[in-house]
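> below: sequence and its predicted model.
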There are 2 protein chains.
Amino acid sequence: MREKEFISTIKTMLNSNYIGDDCAYLPDLGIVVTQDSLVEGVHFSLDYMTPYQLGYKSVMVNLSDVASSGANPKYLTIALSLPTNIDKNFIEEFYKGAQEACGREIKIVGGDITGADKVYVSVSAIGATEYRKIASRKNAKVGYKVVVAGLHGSSAAGLRQLLSGNKSENNFTKAHLEPVAQVEFGKNIGKNIQVDYAMMDTSDGLMDALSTIANESGVLLEVYFDKIPYDYHLVNFEDIQDLVLFGGEDYGIVAVVPKDLECGGVEIGEVKKGLGVDLRFGQNVTHYSKEDVENKIYNHFEGKNEI
Amino acid sequence: MREKEFISTIKTMLNSNYIGDDCAYLPDLGIVVTQDSLVEGVHFSLDYMTPYQLGYKSVMVNLSDVASSGANPKYLTIALSLPTNIDKNFIEEFYKGAQEACGREIKIVGGDITGADKVYVSVSAIGATEYRKIASRKNAKVGYKVVVAGLHGSSAAGLRQLLSGNKSENNFTKAHLEPVAQVEFGKNIGKNIQVDYAMMDTSDGLMDALSTIANESGVLLEVYFDKIPYDYHLVNFEDIQDLVLFGGEDYGIVAVVPKDLECGGVEIGEVKKGLGVDLRFGQNVTHYSKEDVENKIYNHFEGKNEI
């Protein structure tokens, strides 16, 4: 969690209103912007990830941030640093993956390429706000519903398989190597909603998103574990609940919106007075304070660290 | 020049109109965007560069790109990757430098921080076009004047001193470690000009900018070496001409604009029919084709590599 300390140092220094959501919202320009990096040996290994998958995932990670602001993802720049043993084929495969993740409507418009000891990718993404209401983690309100898009736990299960040497493609490894961000879900909420709301992607895990929204908004999120969608093959894992709640890198989205908003996704709970997250599991309720969640992430999963 | 080959591969794959200038121009959003990275061991060493200077230079490199498009630099995101031996003091000094380079009007609005083996900085910068004419390297026209802002050769001279172990601060080492981009020069041209024009920063050297503009525009730039401004202490270097023309990292700007435009800077030549650069030195004229310049940069100085 050294990086988390660094981030709080940076936040204090910058003293910026822009910092705190998946994207910075720049109303004067009508855009949101985000930048996220993937570093070899920290976020991935070329032992189990192909250049195509690296390009694909690097883009998806950033599209997820833009979509979870409610904006319309439009443009990307990509900075790529590469060791000398990497050849033209790597670049071609990387960009094939990046373009596949972009689809037809999102364009890669620049960046740079440099030497380095390891593979390093940093992508910056820009979304158009197009007069939408942009989400803030601070805007969950009592009476709103908690909605989730995407399956959770698959990516962490896949990473565990990859790290244990299982390189065969299955739903879990694919969820980790080629995650599909919930772009349409986020975009559509931004397009249709007229009131303040909270939205955040689950890059650091579902519980991290729930807890961050709850604590930033000063409310209690009551969530039913049994309603959370996940791949039923996860029942083969002993720690299925941890995988679903704390796994990370599924790039789903949590939206906390008025109950009457038709927005797709799966309703997993609602907002009440209080603070933190109440997780209901059958008859049991477990309360998660901000500290409970941070400690759990620290002990089990290493998070990413956006400013 | 391996990276140059990679860039041409990427350009072919992306088949993009956006790529080819210091920034990508996104007229639908009214912005320009650029992303440039600095990698430890490739672009700098912590043996001679302080964290403050690294933050300062990382920002200036990107502001230079925005200013040389004629746009108004507004926002930055910064991705920082750091080895485990780096402490909070490094982050504070880095961000002090970054903020100093931003001044009061430009804001750092996001990014991320991750672990890595070496220090890696990737900055993305956004400028507002504010209904300006945005520069293109393709728009130099016969009869236009060639104007340069900033001193050239100092940064390369400074780097040579630093690499030879001379760490005392002087104009040259300062030019390398804390370059000041020609932000006002570029911004003002963009604000005042009504017609097509060419502009490019000299990150890869003055001759690289002259040659790129000439060849992209299909014209000949006739340039008088004696008119090029440089620090007079450069006369102590035997290869002064190479330093001034090919040195790189001074972050000056070359503008090729109508003769009647009042734009500041120093007029060093004019645009004629033909192709490439004619460098006049007293009575002598040396012609530089595109290949001459690329070979010279390849043999003497390693360039940066923007997409």
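Cool, the structure landed.
> could you use CA atoms for every contact and neighbour count after this?
Noted.
> the closest residue to chain B within the stretch 1-150 of chain A sits in which helix or strand?
Of all residues in the stretch 1-150 of chain A, the one sitting closest to chain B is residue A:112 (4.2 Å; CA to the nearest CA). Per DSSP states H and E: residue A:112 is located in strand A:107-115.
> got the CA positions of that strand in PDB?
Provided in PDB are the C-alpha atoms of strand A:107-115 (Å, rounded to 0.1, in the frame of the first residue of the first chain):
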ATOM      1  CA  LYS A 107      -9.700   6.300 -32.100                       C
ATOM      2  CA  ILE A 108      -6.000   6.000 -31.100                       C
ATOM      3  CA  VAL A 109      -4.600   9.400 -32.000                       C
ATOM      4  CA  GLY A 110      -1.100   9.500 -30.700                       C
ATOM      5  CA  GLY A 111       1.400   8.700 -28.000                       C
ATOM      6  CA  ASP A 112       5.100   7.800 -28.100                       C
ATOM      7  CA  ILE A 113       7.400   4.800 -28.100                       C
ATOM      8  CA  THR A 114      10.700   4.600 -26.200                       C
ATOM      9  CA  GLY A 115      13.200   2.000 -25.000                       C
END
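> after it comes which helix or strand?
Strand A:107-115 is succeeded, C-terminally, by strand A:120-128 (DSSP H and E).
> next structured bit after that following strand?
Moving toward the C-terminus from strand A:120-128, the next helix or strand (DSSP H and E) is strand A:145-149.
> what's the closest non-adjacent residue to residue A:250?
Excluding the flanking residues, the one nearest residue A:250 by CA to CA, 6 or more residues apart in numbering or on different chains is residue A:155, at 5.4 Å.
> circling back: just want the angle from the strand holding residue A:112 to strand A:120-128.
Strand A:107-115 runs at 160 degrees relative to strand A:120-128, counting by axes from the mean of the first three to the mean of the last three CA atoms, to 10 degrees.
> what is strand A:107-115 packed up against?
Applying 3 or more CA pairs under 8 Å, 6 or more residues apart in numbering or on different chains; DSSP states H and E, we find strand A:107-115 packed against strand A:72-82, helix B:2-14, strand B:31-39.
> compare those and say which comes out lowest on pLDDT.
Per-segment mean pLDDT for the helices and strands packed on strand A:107-115 reaches its minimum on helix B:2-14, at a mean of 81.
> just name the most buried of the helices and strands packed on strand A:107-115.
strand B:31-39 (a mean of 27; mean count of other CA atoms under 10 Å in any protein chain shown).
> alpha carbons of the helix or strand following that one, as CSV, please.
Tracing the chain C-terminally past strand B:31-39 and defining elements by DSSP H and E, one meets helix B:51-67 next. What follows is helix B:51-67, C-alpha atoms only, in CSV (Å, rounded to 0.1, in the frame of the first residue of the first chain):
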residue,chain,number,x,y,z
PRO,B,51,13.3,14.5,-8.7
TYR,B,52,12.3,18.2,-8.9
GLN,B,53,14.0,18.5,-12.2
LEU,B,54,12.4,15.3,-13.5
GLY,B,55,8.9,16.6,-12.6
TYR,B,56,9.7,20.0,-14.1
LYS,B,57,11.1,18.6,-17.4
SER,B,58,8.4,15.9,-17.8
VAL,B,59,5.8,18.7,-17.8
MET,B,60,7.7,21.1,-20.0
VAL,B,61,8.3,18.4,-22.7
ASN,B,62,4.5,18.1,-23.0
LEU,B,63,3.7,21.8,-22.7
SER,B,64,6.1,22.3,-25.6
ASP,B,65,4.1,19.9,-27.8
VAL,B,66,0.9,21.7,-27.0
ALA,B,67,2.3,25.2,-27.5
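> mind checking if helix B:51-67 is in reach of chain A?
No - using CA under 8 Å from any CA of the partner chain, we find that helix B:51-67 stays clear of chain A, coming within 11.0 Å at best.
> correct me if wrong: residue A:281 contacts residue A:224.
Yes - using CA atoms under 8 Å, residue A:281 is in contact with residue A:224, at 6.3 Å.
> quick one: neighbours of the residue of the stretch 1-150 of chain A closest to chain B, just the number.
Look at residue A:112: counted by other CA atoms under 10 Å in any protein chain shown, it has 21 neighbours.
> the residue nearest to residue A:250: helix or strand, and which one exactly?
Using DSSP H and E, residue A:155 falls in helix A:154-163.
> tell me which residues in that helix are buried?
Buried residues in helix A:154-163, defined by neighbour count with 16 or more other CA atoms under 10 Å in any protein chain shown: A:154-159, A:161-162.
> tally of neighbours for the residue nearest to residue A:180 when sequence neighbours are not counted?
Spatially, and ignoring its direct neighbours in sequence, residue A:180 is nearest to residue A:60 (6.5 Å; CA to CA, 6+ apart). Neighbour count for residue A:60, taken as other CA under 10 Å: 24.
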